[in-house]
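Colleague: show me how the following folds:
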Amino acid sequence: MSRNEKIAAYLGFSVKSRKIVYGYESVIATGKRLYLVLCDNELAENSFKKVMRYAEIKQIPVRKMASLSDYFGGKAIKCVGLAEENLASAVVKELNKQSEVGTDE
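Modeller: Modelled structure (predicted):
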């Protein structure tokens, strides 16, 4: 299983368990405790700054990645927040492996 497939599986688990928030406005406005925010590289600069300010206040890690919408069936999703700690840490672990190898498999 490639790293992208693992990330897709973890994000799928988040969707099934309803532990995911879609869109930067929802990420900022949610009452849920978030453990990770993923932003697409194509997210507008102003939107990304707002997410970063919020994440800094709440001490939430933020990761940028290419083609985030590909993990959600091509829907125009540019930002998601994960509300499940174990799934968030698994996604971070896989993203760290990708950056170590320097590939987006």
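Colleague: residues near residue 55, how many?
Modeller: Neighbour count for residue 55, taken as other CB atoms under 10 Å: 19. The C-beta positions use only the backbone N, C-alpha and C, and glycine is treated the same way.
Colleague: same check on residue 77?
Modeller: Neighbour tally, residue 77, other CB under 10 Å: 18.
Colleague: one more: residue 76?
Modeller: Residue 76, neighbours per other CB under 10 Å, totals 10.
Colleague: do residue 12 as well
Modeller: Counted with other CB under 10 Å, the neighbours of residue 12 add up to 14.
Colleague: quick one: contacts for it?
Modeller: Contacts of residue 12 were listed using CB atoms under 8 Å, 6 or more residues apart in numbering, and none were found.
Colleague: so what's the backbone phi/psi at it?
Modeller: For residue 12, the backbone dihedrals (degrees, to the nearest 10) come out as phi -60, psi -40.
Colleague: how near is it to residue 38?
Modeller: Per CB to CB, to the nearest Å, residue 12 is found 14 Å from residue 38.
Colleague: with residue 77 instead?
Modeller: Residue 77 is 9 Å from residue 38, by CB to CB.
Colleague: now do the shared contacts for those two.
Modeller: Common neighbours of residue 77 and residue 38, using CB under 8 Å, 6+ apart, are residue 68.
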